[in-house]
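J.: model the structure of this input:
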Amino acid sequence: MMFAIVAGALLAAVSASFPRGDVSIVTRRPAASTWKRTQCGSPSGTAEIPSKWASEVSPASTPLVAYPRPQMVRGSGWLDGPSMRDIGDPSTWTNLNGLWEWQKTTSATPPFGQTLAGSILVPFPVESCLSGVAPQKSADIVKTMWYRLPFNHNSSTGGRTLLHFGGVDWQTTVYLNKQNIGGHTGGYDGFSFDITDQLQATDNELLVYVYDPSDSGAQPNGKQRVNAIDHPGGDTYTPSSGIWQTVWLESVPQSYIETLKIDQASLATVTVTAGLAVPGPRISFEVLDGGKTIATGSGNSGEAVTLNVPAPAKLWSPDSPHLYDLVVTSGEDKVLSYFGLRTFVLGKGQEVPEGPYMKGYDRGGGDMAPCGAPGCIMNKTAASSDCKTKCKDTKGCAAYVYADANCSGKSGPICWLKNSFISSVWVASHGTHISRL
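T.: Prediction:
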């Protein structure tokens, strides 16, 4: 696959900044027949409940094809912003998702040059029914495993090649062509390696070792529980071991933009800090709106640069989610990002008065006449709708609390009227509810 060619119809405002040449990646994957989706439902039951999207997943096509880093899209030219964020510039990246060799293991010794026993559909975690290797009972949980992907890599770019992992749960060691290129601990964040010096034109061997003790370890694991495989339900979930985000290769120039931080705490400015992997040219910033340049600036690597967005600014809101494009350039490298103009603040609000709870179902504060703090004892046949009507008929009433006779212990239901919703802090018990108008 030659992916240094960008369709001319997509090219727009800014011309190409450096010719990357041709990069050809050819992977050697297990046969599609080695993968079969396991039951999407509790292994202990008979439910088979894949979503319509899960039903469409197949090793015949690449899973999760979206560009994996939409806030920093590297490109040889500036493309249409939304399209660029979705698909990236195909001349700069290769998606490695798909069938990989895989096997569970008890040894951390790399199986160099060996075809692994099974296959897995990356990037679905082991316990997913779409991985093809999901354990059918808790006793079969896999804590240590190997992934393997052989590939050829021909490049005439003169730049460097980065290997990115969007997420691997939990402890990872990566080998390329029998060399340990690095490791990572943590299941929630991505990590990358510069593999330029380890690459060869043919017969590259990528091996990934993963250890994930799930909830038997001391690492953060959220609500992942191994016993949820046998006993799903409640507020716990099956683990998500192994590779669970996109794996991809990226072509970059010798000096490239490595980090990008956008500080947008204003409705008129945006502050940007870009960092280079190695010392290189000064960095320029360009804000675009609909392909038109509206603000520019420049700075050194690691320097915060503030750009003024001309009035009238187009503010971001759910009803009008306007995004400005941001092009960052340093020498031969160019990345596309975006930002929206919006701010938020925490208001003081209304403090809830201190005080004891009233018999477990209401708390003093915000109580209104005619009921006051004791509440109004209503007719035995009254319902919550009658309390709501009383609130609607009382000027300034913002919420009401209702407790039926069984809950209140009184001769009839009780209704409290509140002058604000926030003042109605309560402890739920049978037959009690609170509602705002």
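
J.: where do the helices of the chain begin and end?
T.: Using DSSP state H, the helices of the chain run over 52-56, 81-87, 384-392, 405-408.

J.: CSV for those, including mean pLDDT, mean neighbour count and distance to D169?
T.: All C-beta spots, glycine's among them, are computed from the backbone N, C-alpha and C. Output for the helices of the chain, formatted as CSV (pLDDT from 0 to 100; neighbours: other Cβ atoms under 10 Å; distance: least, Cβ to Cβ, whole Å):
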stretch, mean pLDDT, mean neighbour count, distance to D169
helix 52-56, 89, 9, 20
helix 81-87, 80, 17, 26
helix 384-392, 87, 17, 46
helix 405-408, 64, 17, 46
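
J.: looking at the ones you listed, spot the one closest to P232.
T.: Each of the helices of the chain was checked against P232 via Cβ to Cβ, and the shortest separation belongs to helix 52-56, namely 16.5 Å.

J.: distance from the chain centre to the closest one, please.
T.: The chain centre lies 20 Å from the centre of helix 52-56; the measure is Cα atoms, centre = their mean, to the nearest Å.

J.: show me what it is packed against.
T.: Packing partners of helix 52-56 (3 or more Cβ pairs under 8 Å, 6 or more residues apart in numbering; DSSP states H and E): none among the helices and strands.

J.: pull the residues that contact that helix.
T.: Defining contact as Cβ atoms under 8 Å, 6 or more residues apart in numbering, one finds that helix 52-56 is touched by 37, 40, 129-130.

J.: run a quick neighbour tally on the closest residue in space to T172 that isn't next to it in sequence.
T.: The shortest distance from T172 to any residue that is not its chain neighbour, by Cβ to Cβ, 6 or more residues apart in numbering, is 4.8 Å, and that residue is H184. With neighbours defined by other Cβ atoms under 10 Å, the count for H184 comes to 18.

J.: again with V23
T.: Neighbours of V23 (other Cβ under 10 Å): 23.

J.: ok, now S214?
T.: In terms of burial, S214 registers 23 neighbours under the definition other Cβ under 10 Å.

J.: that one contacts Y237, correct?
T.: No: when contacts are counted by Cβ atoms under 8 Å, S214 is not listed as touching Y237 (10.6 Å).

J.: list residues touching both of those two?
T.: 224-225.

J.: quick one: closest of the helices of the chain to Y209.
T.: Y209 lies closest, by Cβ to Cβ, to one member of these: helix 52-56, at 28.0 Å.

J.: residue boundaries of the strands in the stretch 201-350 of the chain?
T.: Using DSSP state E, counting those that start in this stretch, the strands found in the stretch 201-350 of the chain span residues 204-211, 242-243, 247-252, 257-263, 269-276, 283-289, 292-299, 304-308, 324-330, 333-339.

J.: name the surrounding residues that touch the second one.
T.: Yep, that's strand 242-243 we're talking about. Outside strand 242-243, the residues that touch it by Cβ under 8 Å, 6+ apart are 120, 122-123, 125-126, 131, 145, 147, 165, 167-169, 208, 210, 212.

J.: let me see the ranges of the strands in the stretch 51-200 of the chain.
T.: For the stretch 51-200 of the chain, applying DSSP E, counting those that start in this stretch gives strands covering 73-74, 93-95, 98-104, 118-122, 144-155, 160-165, 168-169, 171-176, 179-185, 191-194.

J.: could you list the paired strands of the second one along with their orientation?
T.: Right, the one you point to is strand 93-95. In the sheet containing strand 93-95, the strands it pairs with under DSSP bridges are strand 247-252 (antiparallel).

J.: and if you look at the last one?
T.: Partner strands for strand 191-194, per DSSP bridges, with pairing direction: strand 160-165 (antiparallel).

J.: what is the mean pLDDT for the strand it pairs with?
T.: For strand 160-165, the mean per-residue pLDDT is 96.

J.: and what of stretch 309-328?
T.: Taken as a whole, stretch 309-328 has an average pLDDT of 93.

J.: endpoint to endpoint, that stretch covers what distance?
T.: The distance separating the two terminal residues of stretch 309-328, taken as Cα to Cα, to the nearest Å, comes to 16 Å.

J.: residue contacts, I87?
T.: Taking Cβ under 8 Å, 6+ apart as the criterion, I87 is in contact with 65-67.

J.: Serialize those to CSV and add fields for distance to A403 and pLDDT.
T.: Listed next are these as CSV, based on distance: Cβ to Cβ, whole Å; pLDDT from 0 to 100:
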residue, distance to A403, pLDDT
V65, 55, 93
A66, 51, 93
Y67, 55, 94
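
J.: which one (most neighbours) among those?
T.: For the contacts of I87, the largest neighbour count, defined by other Cβ under 10 Å, is 20 neighbours, found at Y67.

J.: measure that residue to K143 for me?
T.: Going from Y67 to K143 by Cβ to Cβ, to the nearest Å gives 32 Å.

J.: same question, E258
T.: Taking Cβ to Cβ, one finds E258 at 33 Å from K143.

J.: okay, those two: which has more neighbours?
T.: When E258 is set against K143 and neighbours are counted by other Cβ under 10 Å, the residue ahead is K143, at 19 against 16.

J.: so for the more buried one, what's the pLDDT?
T.: Note on K143: pLDDT of 96.

J.: surely it touches P213?
T.: Yes: with contacts counted by Cβ under 8 Å, K143 reaches P213, the gap being 5.6 Å.

J.: just give the nearest non-adjacent residue to Q171, would you?
T.: Y211 (4.5 Å).

J.: check T161 too.
T.: Spatially, and ignoring its direct neighbours in sequence, T161 is nearest to T196 (5.1 Å; Cβ to Cβ, 6+ apart).

J.: can you say which of the helices of the chain is nearest to W93?
T.: helix 81-87 (9.7 Å).

J.: run the chain-centre distance for that closest one.
T.: Distance of helix 81-87 from the chain centroid (Cα atoms, centre = their mean) equals 17 Å.

J.: for the stretch 101-250 of the chain, give me the ranges with low pLDDT.
T.: Residue ranges of the stretch 101-250 of the chain with pLDDT under 70: 156.

J.: ok, the stretch 301-437 of the chain next?
T.: Scanning the stretch 301-437 of the chain for pLDDT under 70 picks out the ranges 347-364, 406-409, 421-437.
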